[in-house]
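1. Fold the following.
(2 chains)
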Amino acid sequence: MSDNVSIVIVSHSRDVAKGAADMVRQMVGEEVRVAFTGGNADGGLGTDVAAIIAAIESVYTAKGVAVLVDLGGAETNSEMAIEMLGDGRGDNVVICNAPVVEGAVMAATEAAGGASLAEVRATAEDFQS
Amino acid sequence: MAEALIRALIAAANQAVAAHRDELSGLDRAIGDGDHGHNMARGFGAIAEAADEIAALPFGKALQKAGMTLVMKVGGASGPLYGTLLMAMGKTGDEAPGTVADAAAALEAGIAAVKQRGKSDVGAKTMLDVLAPVAEALRAAPPDPRAAARAAADEGLAATRDMRATKGRAAFLGERSVGHLDPGARSSALLVHAVCDVLEKQ
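-> Have a look, this model is predicted:
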């Protein structure tokens, strides 16, 4: 697999996160590694720091990881997860200020071309519906 | 002894949150996503379950461990926010605060960390609108610190009713967030009261 920027999708809902990840995979196939997580530790709506850390680690590359989040707690929990990664890996992980579905698709499309993390992030954040 | 104090604080906080779980979620339903009480109950329940392990630690480390438990278990924004509060307070020293000024300093450290984590400040209809006035009240070295802390928490909470939310899910509501108490401010006030109740019995 080529070393492209990876994508992590974090939603309050596992179904939303999985659906967004499915859309990304359909767009970019195996070119970009995508992980998703949704729901709290009890399986209800929410986000789970441990699961976010695991999702990031599952696709981590020094090239970078772009994280797409939906609402409030997903962002706060993702920030916490990134800080807790350790070994300086958090420096290579960014949260994109973009809508989760559109942002993930745009970020993955950019990443598939070998773009840098900054380029991937900019493309996701420039997205205008 | 720190161990007895830690156990008492854990029990009181867990009890307060559990007893007001539905009220907190009800407040959150009005201006958020309706899960604050349940999230907090899950988090503080997890702390209570780990009480033996946590109470064996020095006070500051116990706060940090409790904070990390909230981060990992809550599932909403309140996890990292309350978790950050406790972790930052715990990092101010291994010993439990010995004076009111020490307590104020620890709380101030926690508040500073919460502001950074939440990218927020006083006046945005959040937990900070309770915690900051409490720290300020303690900083003034009042003759009855517990009464001053409780009063500051109650006044801070009441003031959130007329505030317009600019952070979190409630920010989407804009002006419609006015007229509701903030659920995070309510849970903070509950915890301030719980801590004061414990200290009164020491």
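
2. Would you tell me which residues of chain B are close to chain A?
-> Within chain B, the positions lying close to chain A (Cβ under 8 Å from any Cβ of the partner chain) are B:33, B:35, B:38-39, B:42, B:71-81, B:83-84, B:117-118, B:168-169. Quick note: C-beta positions are derived from backbone N, CA and C, even for glycine.

3. and if we set it to 6 Å?
-> B:71-72, B:75-77, B:80, B:168-169 (Cβ under 6 Å from any Cβ of the partner chain).

4. Mind checking which of those land in helices?
-> Judged by DSSP state H, the residues of chain B next to chain A include B:71-72, B:80 as members of helices.

5. Make CSV from the residues you listed and add distance to A:Ala35 to it.
-> Shown next, in CSV, are these (distance: Cβ to Cβ, whole Å):
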residue, distance to A:Ala35
B:Val71, 20
B:Met72, 19
B:Pro80, 20
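
6. Let me have those in a markdown table, extended by pLDDT and neighbour count.
-> Shown next, in a markdown table, are these (pLDDT from 0 to 100; neighbours: other Cβ atoms under 10 Å in any protein chain shown):
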| residue | pLDDT | neighbour count |
| --- | --- | --- |
| B:Val71 | 94 | 24 |
| B:Met72 | 92 | 22 |
| B:Pro80 | 94 | 29 |
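
7. Looking at those residues, which is nearest A:Val24?
-> B:Pro80 (26.0 Å; Cβ to Cβ).

8. residues in contact with the closest residue to chain A within chain B?
-> For chain B and chain A, the shortest gap (Cβ to the nearest Cβ) falls at B:Gly75, measuring 2.8 Å. By Cβ atoms under 6 Å, 6 or more residues apart in numbering or on different chains, the contact list for B:Gly75 reads A:40-41, A:46, A:48, B:39.

9. which bits of chain A sit near chain B?
-> With Cβ under 6 Å from any Cβ as the criterion, chain A meets chain B at residues A:40-41, A:46, A:48-50, A:72-73, A:76-77, A:80.

10. let's go with 7 Å and repeat that
-> Residues of chain A found near chain B (Cβ under 7 Å from any Cβ of the partner chain) are A:40-42, A:46-50, A:71-73, A:76-77, A:80.

11. from these, which would you call buried?
-> Buried by 16 or more other Cβ atoms under 10 Å in any protein chain shown: A:40-41, A:46-49, A:71-73, A:76-77, A:80, out of the residues of chain A next to chain B.

12. before we move on, which element is the residue in chain A positioned nearest to chain B in?
-> Per Cβ to the nearest Cβ, A:Asn40 is where chain A lies closest to chain B, at 2.8 Å. A:Asn40 belongs to no helix or strand when assigned by DSSP states H and E.

13. need the helices for the chain, in chain order.
-> Just so you know, I chose chain A. Under DSSP H, chain A gives helices at A:14-28, A:49-59, A:72-83, A:100-112, A:117-126.

14. could you do chain B instead?
-> B:2-19, B:21-31, B:36-49, B:51-55, B:59-73, B:78-90, B:100-118, B:128-139, B:145-159, B:183-201.

15. and the ones you listed, which is most packed in?
-> Counting by mean count of other Cβ atoms under 10 Å in any protein chain shown, helix B:78-90 has the highest mean neighbour count of these, with a mean of 26.

16. who's in contact with the residue of chain A closest to chain B?
-> Contacts for A:Asn40 (Cβ atoms under 7 Å, 6 or more residues apart in numbering or on different chains) come out as A:46-48, B:75.

17. Let's have the residues you listed in TSV, adding distance to A:Val34 and pLDDT.
-> Below are the contacts of A:Asn40 laid out as TSV (distance: Cβ to Cβ, whole Å; pLDDT from 0 to 100):
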residue	distance to A:Val34	pLDDT
A:Gly46	21	91
A:Thr47	17	93
A:Asp48	18	93
B:Gly75	23	85
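
18. With distance to A:Val16 as added columns, please give the residues you listed in TSV.
-> Putting the contacts of A:Asn40 into TSV (distance: Cβ to Cβ, whole Å) gives the following:
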residue	distance to A:Val16
A:Gly46	12
A:Thr47	11
A:Asp48	15
B:Gly75	15
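
19. do you know which of the helices of chain B lies nearest A:Thr109?
-> helix B:78-90 (30.5 Å).

20. Could you give the backbone dihedrals for the residue lying farthest from the centre of chain A?
-> What lies farthest from the middle of chain A is A:Asp42; by Cα atoms, centre = their mean that is 21.6 Å. Per-residue torsions, A:Asp42: phi -90, psi 0 (degrees, to the nearest 10).

21. same question, A:Lys63
-> phi -60, psi -30.

22. hmm, back to that, among the helices of chain B, which is nearest A:Leu85?
-> Among the helices of chain B, the nearest to A:Leu85 by Cβ to Cβ is helix B:59-73 (13.6 Å).
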